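Trainee: Give me a 3D structure for the following:
(one chain, ligands or ions: 1)
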Amino acid sequence: MNPSENEPTAIQNLLSVRDLRIAFSGRECVHGISFDLAHGETLGLVGESGSGKSATSLGLLRLLPPSASVGGSIAFAPTGKEPEDLLHLSEEAMRRHRSRSIAMIFQEPMTALNPVMKIGQQIAEALLAHAPRTSRREVRERVLEAMREVALPDPERRIDDYPHQFSGGQRQRIVIAMALINKPRLLIADEPTTALDVTVQAQIIALLKRLRAEHNLSMLFISHDLTVVSQVADRVAVMQHGAIVEQGSATQIFTHPQHAYTRSLLASAPSMTTPRDRPLATV
Ligand SMILES: Nc1ncnc2c1ncn2[C@@H]1O[C@H](COP(=O)(O)OP(=O)(O)OP(=O)(O)O)[C@@H](O)[C@H]1O
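Mentor: Next up is the predicted model:
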């Protein structure tokens, strides 16, 4: 790893994580990791199961259980704002960030959806959490617009349907609509396509890439699957046993991996080593 990766940079990043440490009941599982996320950039965080990826993402949002202790600093600086250390914000300020400037989507959309609530109502709730005084009429407009934006079919007819009436891929689209309705600056996507079959996976990745460009979103894209990460990330950080063992541009990581663990991950992602997939170097 380039040692300068750990130094604060002159250009202000949206997110600068320094020496992040996470322990559960005194047992440390994230051992002082540092990374940056520039405005509009996507960082892929890869590593095998148990390497600390989810603990890291939940730690950024301060959503870890009370048994967890978190140290280090997480400077968050939306455009035009002074950086704030998320670890030192009040719970109230943190809640505001979660409903507005930082959104998160997970592997299993049903964990974010209420099975007995109409999807239009759920998307509306996400909007109202941040903008409670929005008129009924505008809420409906914004919900329909959000459904169209994520290409859910036939929004006017489907707005009153329940989650079980949609496919897995469509449910993930609903969750993405909820995540983006308040126009966040940062989207944390934790294995967002892992539960989907390969075709649907590709569609969701294409959707995230389109929305990222349209909203100038920064994205922390977490996955155990390097093939998926290669399709979306500008830069990649490789995690093993709670530490970042290598980070760099996607091109660098996929074409000249330095660390033995990165090389082994690449070797176990066979589709990435075929010449057909080489254009990934341009992501
Ligand atoms: N709530 C918790 N209580 C105790 N230990 C935890 C908790 N959450 C995670 N851990 C431990 O922290 C370590 C990192 O887990 P984490 O879920 O972050 O890994 P991961 O890379 O996201 O893997 P996966 O993709 O399987 O979730 C593991 O050893 C795990 O057992």
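Trainee: Distance of the residue in the stretch 151-283 of the chain that the ligand sits nearest to relative to Gln240?
Mentor: In the stretch 151-283 of the chain, the residue that lies nearest the ligand is His224 (5.6 Å; CB to the nearest ligand atom). All C-beta atoms are positioned from the backbone trio N, CA, C, and that covers glycine. Remark: distance between His224 and Gln240 (CB to CB, to the nearest Å) = 12 Å.
Trainee: got any residues that touch both of the two?
Mentor: 47-48 (CB atoms under 8 Å, 6 or more residues apart in numbering).
Trainee: Name the residues of the stretch 51-200 of the chain found near the ligand, please.
Mentor: 51-55, 65, 67 (CB under 6 Å from any ligand atom).
Trainee: Please, where are all the helices along the chain?
Mentor: Under the criterion DSSP state H, the chain contains helices at 53-60, 91-99, 119-130, 136-149, 155-158, 168-180, 198-215, 226-230, 250-255, 260-267.
Trainee: what's the closest of those helices to Pro109?
Mentor: Smallest distance to Pro109 across the helices of the chain (CB to CB): 3.9 Å, for helix 168-180.
Trainee: now that closest one, how far from the centre of its chain.
Mentor: Its chain's C-alpha centre and that of helix 168-180 lie 13 Å apart, by CA atoms, centre = their mean, to the nearest Å.
Trainee: Check stretch 246-257 too.
Mentor: Here stretch 246-257 is found 20 Å from its chain centre; the criterion is CA atoms, centre = their mean.
Trainee: How about stretch 51-59?
Mentor: 11 Å.
Trainee: Stretch 186-198 now?
Mentor: Relative to the chain's own centre, stretch 186-198 is displaced by 8 Å; criterion: CA atoms, centre = their mean.
Trainee: Give the buried residues for it.
Mentor: Residues of stretch 186-198 classed as buried by neighbour count (16 or more other CB atoms under 10 Å): 186-193, 195-196.
Trainee: Put the alpha carbons of stretch 75-89 into PDB.
Mentor: This file holds the C-alpha atoms of stretch 75-89, laid out as PDB (Å, rounded to 0.1, in the frame of the first residue of the first chain):
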ATOM      1  CA  ALA A  75     -14.700  13.400   9.000                       C
ATOM      2  CA  PHE A  76     -17.800  14.000   6.900                       C
ATOM      3  CA  ALA A  77     -17.800  17.200   4.700                       C
ATOM      4  CA  PRO A  78     -20.700  17.700   2.300                       C
ATOM      5  CA  THR A  79     -20.000  20.400  -0.300                       C
ATOM      6  CA  GLY A  80     -19.700  23.900   1.300                       C
ATOM      7  CA  LYS A  81     -19.700  22.600   4.800                       C
ATOM      8  CA  GLU A  82     -16.900  22.300   7.400                       C
ATOM      9  CA  PRO A  83     -16.000  18.700   8.100                       C
ATOM     10  CA  GLU A  84     -17.700  17.200  11.200                       C
ATOM     11  CA  ASP A  85     -16.400  14.100  13.100                       C
ATOM     12  CA  LEU A  86     -19.400  11.700  13.000                       C
ATOM     13  CA  LEU A  87     -18.100  10.000  16.100                       C
ATOM     14  CA  HIS A  88     -18.500  13.200  18.100                       C
ATOM     15  CA  LEU A  89     -22.000  14.300  16.900                       C
END
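Trainee: quick one: buried residues of it?
Mentor: Those would be 75-78, 83-84, 86-87, 89, for stretch 75-89 by 16+ other CB under 10 Å.
Trainee: If I look at the nearest residue to Pro153 once chain neighbours are set aside, what pLDDT would I see?
Mentor: Leaving aside its sequence neighbours, Pro153 sits nearest to Gln170 (CB to CB, 6 or more residues apart in numbering; 7.8 Å). Looking at Gln170, its pLDDT stands at 96.
Trainee: The one 4 residues further on too?
Mentor: Ile174 is assigned 97 on the pLDDT scale.
Trainee: ok, now which ones touch it?
Mentor: 109, 113, 119, 122-123, 147, 150, 152, 163, 166.
Trainee: again with Leu211
Mentor: 149-150, 176, 180, 217.
Trainee: and it, how far is that from Leu217?
Mentor: Here Leu211 is placed at a distance of 7 Å from Leu217 (CB to CB).
Trainee: Which neighbours do the two have in common?
Mentor: With CB under 8 Å, 6+ apart as the test, Leu211 and Leu217 both reach Leu180.
Trainee: one step back: just flag the most distant two among the buried residues of stretch 75-89.
Mentor: Largest separation among the buried residues of stretch 75-89 by CB to CB: Pro78 and Leu87, giving 17.0 Å.
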